[in-house]
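Colleague: Got a predicted structure here, sequence first:
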2 protein chains.
Amino acid sequence: MSANSRLTIAAHALAWIGLYQRQGHEVATSEQIATSANTNPVVIRRLLGELRRAGLVESRRGVGAGWSLARELESMTLLDVYEAVEPGPLFAMHRATPDQGCVVGHGIQPAMQGIYEGIEETLRNELARVTLEHVLREVLAAPR
Amino acid sequence: MSANSRLTIAAHALAWIGLYQRQGHEVATSEQIATSANTNPVVIRRLLGELRRAGLVESRRGVGAGWSLARELESMTLLDVYEAVEPGPLFAMHRATPDQGCVVGHGIQPAMQGIYEGIEETLRNELARVTLEHVLREVLAAPR
DNA sequence: ACAGTCGCAACATTAATTGTTACGACAGAC
DNA sequence: GTCTGTCGTAACAATTAATGTTGCGACTGT
């Protein structure tokens, strides 16, 4: 479905910064993270900018600039990241409004919206159960 | 996120056929459904074709041709529809493979895949709890 | 033979994400 | 005060997926 890797890349960036800081460094640059994620630094800066707005990371400017965590990885969940970087709802409605003169065309959108709402709530609960600390631990547990 | 309305349109089509059949008609045409959903008949035929492959609907050709349900709405769930019309996973990995020389770049994909798998399983369970009969009832319950 | 609809392929359009380039703003080093 | 490295952001290009459209052959009841 979604060719949408924003959540994955954002988690990647956070894990990278977290690990780098544990190795004694103050800040990580968008270029370093971009190299690890094999993408463009601007893409990383955009995503981290959204995470900063959500209070998950901080940035410093000038020489020796870069990004650092605003909170412990333990206190961040995938839900925090998801809400920071994913704008819309999971499932979309019709692109053009259906025929309001038809019973089904008229009732389908409220019906599906109500159903989708419950499903997204469940998804949110699941995302909230996974911390970024957990993600980093899983990353380090990968066989090499 | 996804500007992806396939599940919504497919549910719309099934509810439409179901209601139409309850009104005494044998088959529904892609043109009728397309009018209700405010889209092109070919879009409907494509979606219904996938639902037919999944055994949810049947089609007849020739004069008086059209679509009919292969099972009761009561016995179809949104999960059946979802699996029929949504190909890929919910969350995507990196577009380009991350730097395998980096610890995080190396471990991130297996880590996230494992996490996403559990989340998608939960999503599937939620979708499986909603029958198309329920959808149609919600549709008809909408205030006019 | 005819008419209506599906089946399917080919192509166009739209929209979202991702990638790239460019340049000003900022802050520490010298 | 200048220099250097990095962020901040805008503008635009490239890529991809979904959706929309057209065309025409296949099928089947009349």
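Modeller: Here it is on my side, so go on. Numbering: from 1, shown residues only, chains lettered A, B, ... in the order given.

Colleague: What residues does the residue located most distally from the centre of chain A make contact with?
Modeller: In chain A, A:Gly101 marks the outermost C-alpha relative to the chain mean, sitting 40.0 Å out by Cα atoms, centre = their mean. Residues near A:Gly101 by Cβ atoms under 8 Å, 6 or more residues apart in numbering or on different chains: none. C-beta coordinates here come from the backbone N, C-alpha and C atoms, glycine included.

Colleague: can I assume it sits in a helix?
Modeller: No: A:Gly101 is assigned coil when assessed by DSSP: H, G, I helix; E, B strand; the rest coil, not a helix.

Colleague: Just read off the phi/psi values of it.
Modeller: Main-chain torsions, A:Gly101, degrees, to the nearest 10: phi -80, psi -10.

Colleague: all helices for chain A, in order.
Modeller: In chain A, the helices defined using DSSP state H lie at A:6-22, A:30-37, A:41-53, A:78-85, A:103-128, A:132-141.

Colleague: of all the residues in chain A, which ones are close to DNA strand D?
Modeller: Residues of chain A found near DNA strand D (Cβ under 7 Å from any atom of the strand) are A:1, A:3, A:29-31, A:41-42, A:45-46, A:48-49, A:52, A:59-67, A:92, A:95-96.

Colleague: Which single residue in chain A comes nearest to DNA strand C?
Modeller: Proximity of chain A to DNA strand C (Cβ to the nearest atom of the strand) peaks at A:Gly62, 1.9 Å away.

Colleague: re earlier: so of the helices of chain A, which one's packed in deepest?
Modeller: Greatest average neighbour count among those goes to helix A:6-22 (a mean of 24), per mean count of other Cβ atoms under 10 Å in any protein chain shown.

Colleague: Before we move on, what's the pLDDT of the residue lying closest to A:Arg144 once chain neighbours are set aside?
Modeller: What sits nearest to A:Arg144 in space, not counting adjacent residues and going by Cβ to Cβ, 6 or more residues apart in numbering or on different chains, is B:His106, at 6.6 Å. Note for B:His106: predicted pLDDT of 97.

Colleague: now swap in the one 10 residues further on and tell me
Modeller: pLDDT, the model's per-residue confidence, is 97 for B:Tyr116.

Colleague: where's the residue nearest to it when sequence neighbours are not counted relative to B:Gly105, distance?
Modeller: Leaving aside its sequence neighbours, B:Tyr116 sits nearest to B:Phe91 (Cβ to Cβ, 6+ apart; 5.1 Å). Taking Cβ to Cβ, to the nearest Å as the measure, B:Phe91 falls 18 Å from B:Gly105.

Colleague: picking that back up, contacting residues around the residue nearest to B:Tyr116?
Modeller: Contacts of B:Phe91 (Cβ under 8 Å, 6+ apart): A:2, A:4-5, A:7-8, B:112, B:116, B:119.

Colleague: So A:Ile119 is in contact with B:Leu123, correct?
Modeller: Yes: in this structure A:Ile119 lies within contact range of B:Leu123 using Cβ atoms under 8 Å: 6.9 Å.
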